[in-house]
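> please work out how this folds:
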Amino acid sequence: MKKKIAIAMGGYSNEYKISLNSGNLVYKQIDTTIYEAYRAHILEEGWFVVTDDEQKHPIDKADFSITINGEKIIFDCVFNIIHGTPGEDGIFQGYLEMLNIPQTACDYYQAALTFNKRDCISILKAYGIKTATNYFLNKGDEILEDEIIDRVGLPCFVKANKAGSSFGVSKVKRKEDLMEAIHFSFQEDEEVIIESFLDGTEVSVGVIEYNNEIVALPVTEIISENEFFDYEAKYLGQSQEITPANISEKDTRSVQEQAKRIFKILKLKGLTRAEFIFYNNEPHFVEINTCPGLSEASILPQQAKAAGITLKDLFSNVIEAALKDR
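Numbering: from 1, shown residues only. Predicted coordinates for the structure are as follows:
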């Protein structure tokens, strides 16, 4: 009998449309000889499964089940491709954990930790992982512009602490633009992280569980046409994404090993993608995504293809690993 898989997509943040694109790609590429897949939309307007005839079937939150034509369907596993809250910050993971339903992303604590850029960086710095110099602000704090600039310098990046897809991010070159950038980030989150600008090659490294091993995928070099790898660069084609990256074999090994080390330190699982900037010839960690995009424009599918891994095989591996963990 085929395993029933709910592909959870959407979310409550500005990223929900990106997540729907990712979820639809998973739905198209999943191995239908093994799995019976359902598109589960987790949205602020409601939770429901969308069938091929575009009918919406409400999800019973008591046990994460649906009923179609009088038949109650219980899912064997959830493929979690929700971007932002609640699927990337641990809330959805905790809910499924209480129901004893396996899911493909990292566990709830690791999700909450990695979604919080400030906390994640603080943990990794304790392990000697190099990062940009940073400054933290909470909404309501006194904003000391001179103190911030003395710490991180100019130019710098101002980021919403808990947001993805480069929402709430600004590059600040002049002191007079700093306050506006901070307020822009506060529109996305009540916490802000301000980081020094690292001038160097930006790369992305997918790390996955594959055939019971932790595997670093081929490295992608990111060359943005904009000031940085913002939303337009990521999703509207305003960047070059070169896989494998035009970096030396030594640098490739270095950043792949760093990405795998971070995966192990944080006790992650499933599909992840970490971002780095080579600064002073060393990879500096920027952030990690534990529910990376899987749309046609996304980086991780490009890396899997370069590694000779089909999406069908990739998705089957992550599902089977989740089922085995449970």
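> quick one: contacts of the longest helix along the chain?
Longest helix in the chain by number of residues (criterion: DSSP state H): helix 249-265. For helix 249-265, the external contacting residues (C-beta atoms under 8 Å, 6 or more residues apart in numbering) are 123-124, 127, 129, 203, 205, 207, 214, 216, 219, 244-245, 247, 272, 274, 276, 278, 281-283, 285, 288. C-beta: built from backbone N, CA, C; applies to glycine.
> stretch 293-300 now?
With contacts defined as C-beta under 8 Å, 6+ apart, stretch 293-300 is touched by 18-19, 21-23, 25-26, 81, 83, 165, 204, 206, 217, 220, 234-235, 237, 241, 243, 271, 273, 292, 301, 311.
> can you rerun that using 6 Å?
21-22, 25-26, 81, 204, 206, 220, 235, 241, 273, 292, 301 (C-beta atoms under 6 Å, 6 or more residues apart in numbering).
> by neighbour count, which of these wins?
Within the contacts of stretch 293-300, most neighbours by other C-beta atoms under 10 Å means I81, with 32 neighbours.
> who's in contact with that one?
With contact set as C-beta under 6 Å, 6+ apart, I81 has these partners: 9, 22-23, 26, 294.
> now the residue lying farthest from the centre of the chain: how far from H57?
Residue farthest from the centre of the chain, counting by C-alpha atoms, centre = their mean, is G70 at 36.7 Å. G70 sits 12 Å away from H57, going by C-beta to C-beta, to the nearest Å.
> one more: A307?
Taking C-beta to C-beta as the criterion, A307 is separated from H57 by 37 Å.
> helices of the stretch 101-250 of the chain, start to end?
Taking DSSP state H, counting those that start in this stretch, the helices of the stretch 101-250 of the chain run over residues 108-115, 117-126, 145-152, 178-186, 231-235, 249-265.
> can you pull the phi/psi pair for the residue farthest from the centre of the chain?
phi 80, psi 0 (degrees, to the nearest 10).
> what part of the protein, helix or strand, is modelled with the least confidence?
Least confident helix or strand, the chain: helix 231-235 with a mean of 47, by mean pLDDT, DSSP states H and E.
> what bridges to the residue lying closest to A259 once chain neighbours are set aside?
The spatial neighbour of A259 that comes closest, neighbours along the chain excluded (C-beta to C-beta, 6 or more residues apart in numbering), is V205 at 4.0 Å. Counting by DSSP bridges, V205 is bridged to A274.
> burial of V205, as a residue count?
For V205, the neighbour count with other C-beta under 10 Å is 29.
> any idea how far it lies from G153?
From V205 to G153 the distance is 27 Å (C-beta to C-beta).
> also A160?
Noted for A160: a distance of 21 Å to G153, by C-beta to C-beta.
> from the contacts of helix 249-265, list the buried ones, please.
Neighbour counting with 16 or more other C-beta atoms under 10 Å marks 123-124, 129, 203, 205, 207, 214, 216, 219, 245, 247, 272, 274, 276, 278, 283, 285, 288 as buried within those.
> domain map for the protein?
Split into domains by automatic domain parsing, the chain comes to 3-104, 112-130+199-325, 134-196.
> how far does the last one sit from its chain's centre?
The reference is to domain 134-196. 21 Å (C-alpha atoms, centre = their mean, to the nearest Å).
> likewise for the first one?
Offset of domain 3-104 from its chain centre (C-alpha atoms, centre = their mean): 17 Å.
> what's the answer for the longest one, then?
Remark: domain 112-130+199-325 is offset 9 Å from the chain centroid, using C-alpha atoms, centre = their mean.
> equivalent analysis for stretch 99-117, please.
Stretch 99-117 sits 11 Å away from the centroid of its parent chain (C-alpha atoms, centre = their mean).
> buried set for that stretch?
In terms of neighbour count (16+ other C-beta under 10 Å), stretch 99-117 has its buried residues at 101-108, 110-117.
> looking only at neighbour counts, state which of A160 and G153 leads.
Legend: neighbour count by other C-beta under 10 Å for A160 and G153, higher for A160 (22 against 11).
> can you count the residues close to the closest residue to the more buried one other than its chain neighbours?
Closest residue to A160 apart from its sequence neighbours, by C-beta to C-beta, 6+ apart: G168 at 3.1 Å. By other C-beta under 10 Å, the residues close to G168 number 21.
> check contacts around G168.
So G168 contacts 160, 185, 188 (C-beta under 6 Å, 6+ apart).
> now distance to T32 too, for those residues, in JSON lines please.
Compiled in JSON lines, the contacts of G168 are given as follows (distance: C-beta to C-beta, whole Å):
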{"residue": "A160", "distance to T32": "39"}
{"residue": "S185", "distance to T32": "43"}
{"residue": "E188", "distance to T32": "38"}
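> so which of those residues comes closest to K139?
Closest approach between the contacts of G168 and K139, by C-beta to C-beta: S185, at 9.7 Å.
> name the residues of stretch 66-78 that come out as buried.
The neighbour-count check on stretch 66-78 (16+ other C-beta under 10 Å) flags 66, 75-78 as buried.
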